[in-house]
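1. Here is a sequence together with a model predicted from it:
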Amino acid sequence: MNKSELRKQIKEKGKIFFQNPHNKPDASFIIGQKICASSEFKNADVIFAFMPMIDEPNIGVIILEAFMSGKKIAVPKIRDEKGEMEFYWISSHEKMKEGPFGIYEPEGTNPVDMNTVTDGSLLIVPGVAFTKDGKRLGRGKGFYDRFMAKYKNKFSKMGICFNFQLVDDIPVYENDIKVDKVISA
């Protein structure tokens with residue numbers, strides 16, 4: 001199965017999953033609990049999070065726990081349509097606006113200087129599908145693959161998804177980057 005076919009298959013499974021209005025919040029909460037209990041989260045001073053799309057786990061509980069634990073939090077902004085993404089620091093009262101692809105981004109102008117980020121930070125990575133050993137199928141634009149390749153030693157990479165998004169295999173190409181761990185519910 002190629003990547004395009006796999007994306008279609010996962011989208012169909014998602015239609016069934018999202019029919020029950022309790023599935024997304026319940027699974028999102030469990031995912032949040034698992035991440036917050038992980039050593040990667042506990043040991044990280046910096047959490048690179050994301051603002052979820054409608055079909056991705058809600059990570060509000062993770063961001064809240066990070067703020068309450070005194071961690072720094074950054075979320076991405078799409079710099080251009082060519083696939084460049086950079087992270088910006090957010091505060092607990094950060095205003096968000098809708099950016100490209102309908103993803104909310106911080107209005108602030110406080111970009112993360114990746115040269116100052118210490119090793120051991122945590123990058124929480126969304127995806128369309130994952131394998132248990134960390135292969136990831138994104139949406140096809142390569143934003144996260146390029147970011148992870150550029151800063152590969154700065155953070156632990158943790159993929160998150162709903163259980164229906166776990167698959168046995170994903171076609172992998174040279175530019176595809178695996179995550180270190182996958183959390184699902």
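-> Great, that's in hand.

2. Identify the bridge partners of the residue nearest to Leu166 when sequence neighbours are not counted.
-> Sequence neighbours aside, Ser184 is the residue nearest to Leu166 in space, at 5.5 Å (criterion: Cβ to Cβ, 6 or more residues apart in numbering). Glycine gets a C-beta too; all of them are placed from N, C-alpha and C. Counting by DSSP bridges, Ser184 is bridged to Cys161.

3. per-residue confidence for Ser184?
-> At Ser184, the pLDDT value in this model is 98.

4. hang on, it packs against Asn163?
-> Yes - with contacts counted by Cβ atoms under 8 Å, Ser184 reaches Asn163, the gap being 5.1 Å.

5. These two: who's more crowded?
-> Neighbour comparison, Ser184 and Asn163: the larger count goes to Ser184, with 18 against 13 (by other Cβ atoms under 10 Å).

6. What are the neighbouring residues in contact with the more buried one?
-> 31, 130, 160-163, 165-166 (Cβ atoms under 8 Å, 6 or more residues apart in numbering).

7. ok, now Phe41?
-> Applying Cβ under 8 Å, 6+ apart, the residues near Phe41 are 35, 47, 62, 65-66, 122.

8. Including neighbour count, secondary structure and distance to Leu137, could these go into a markdown table?
-> Shown next, in a markdown table, are those (neighbours: other Cβ atoms under 10 Å; DSSP: H, G, I helix; E, B strand; the rest coil; distance: Cβ to Cβ, whole Å):
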| residue | neighbour count | secondary structure | distance to Leu137 |
| --- | --- | --- | --- |
| Ile35 | 25 | helix | 20 |
| Ile47 | 26 | strand | 23 |
| Ile62 | 24 | helix | 22 |
| Glu65 | 18 | helix | 27 |
| Ala66 | 24 | helix | 26 |
| Leu122 | 26 | strand | 21 |
